[in-house]
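In: next comes the sequence, and after it the predicted model I'd like to discuss.
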Amino acid sequence: MSNKRQPDNLKILKGTARKSRINQKQPVPKIVKRAKPPDFLKHNELALAEWERICPELEATKVLTTVDIGVLASYCIAYAQVALATEKLKDEGEVYITSTKEGEVKRKNPWIEIRNIGITLLVKTSTELGMTPSSRGKVSTVGAEKTESVWAD
């Protein structure tokens with residue numbers, strides 16, 4: 001399975017772009033200066049709080065564009081989903097006991113699966129937005145000052 005194609009602007013930022021491989025006709029979405037949350041997000045207190053927390057960071061790094069709003073909203077919903085599921089698990093526990101014909105049986109709390117799905121979406125969307133250490137480490141700002149390595153002689 002091949003790696004996912006990197007956007008040209010990411011190649012330029014990383015310094016790995018080749019002029020012959022740059023798509024001169026690719027769409028260039030506008031950078032967002034102050035993103036407003038979608039209406040559907042306003043009904044989820046946790047998701048909206050995460051939107052308000054993370055937006056200034058993404059706007060400051062100039063990685064958030066108009067076409068990224070949906071990915072950011074998905075990230076915020078996943079964040080809220082993980083937080084809610086974690087709270088439910090804290091209150092209810094990871095297993096519950098149910099009665100069957102054979103007697104009492106321990107079962108896995110369904111909130112575990114909900115939390116795990118949320119974590120998966122959270123990691124995917126945060127990676128797309130350059131919010132994980134590994135994805136952030138692949139991007140550098142054009143014209144950024146070079147710092148000397150701690151390993152340099």
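Out: Sure, I can see it. Predicted model, so just to flag it, every value in this text is computed and none were measured. Numbering: from 1, shown residues only.
In: what are the ranges of the strands in the protein?
Out: With DSSP state E, the ranges of strands along the chain come out as 95-100, 103-108.
In: between the ones you listed, which one is closest to Asn116.
Out: Comparing those against Asn116 with CB to CB, the closest turns out to be strand 103-108 (10.7 Å). (Each C-beta comes from the backbone N, C-alpha and C, glycine too.)
In: could you dump the strands of the chain to JSON lines with distance to Glu52?
Out: Below are those laid out as JSON lines (distance: least, CB to CB, whole Å):
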{"stretch": "strand 95-100", "distance to Glu52": "35"}
{"stretch": "strand 103-108", "distance to Glu52": "34"}
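In: count of neighbours near the closest residue to Leu84 other than its chain neighbours?
Out: For Leu84, ignoring the flanking residues on the chain, the nearest one in space by CB to CB, 6 or more residues apart in numbering is Leu46 at 6.7 Å. The number of residues packed near Leu46 is 16, by other CB atoms under 10 Å.
In: next, count neighbours for the residue lying closest to Pro38 once chain neighbours are set aside.
Out: Distance criterion CB to CB, 6+ apart; nearest residue to Pro38, sequence neighbours excluded, is Ala73 at 5.2 Å. Around Ala73 there are 19 other residues, counting by other CB under 10 Å.
In: hmm, back to that, now tabulate the strands of the chain in JSON lines and tack on mean pLDDT.
Out: What follows is the strands of the chain, written out as JSON lines (pLDDT from 0 to 100):
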{"stretch": "strand 95-100", "mean pLDDT": "92"}
{"stretch": "strand 103-108", "mean pLDDT": "93"}
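In: of the ones you listed, which is nearest Val63?
Out: Of all the strands of the chain, it is strand 103-108 that lies closest to Val63, at 37.8 Å by CB to CB.
In: residues contacting the residue nearest to Pro38?
Out: Counting by CB atoms under 8 Å, 6 or more residues apart in numbering, Ala73 touches 37-38, 40-41, 47, 51.
In: roughly how far does it sit from Tyr79?
Out: Taking CB to CB, to the nearest Å as the measure, Ala73 falls 11 Å from Tyr79.
In: who touches both of these two?
Out: Counting by CB under 8 Å, 6+ apart, the residues touching both Ala73 and Tyr79 are Ala47.
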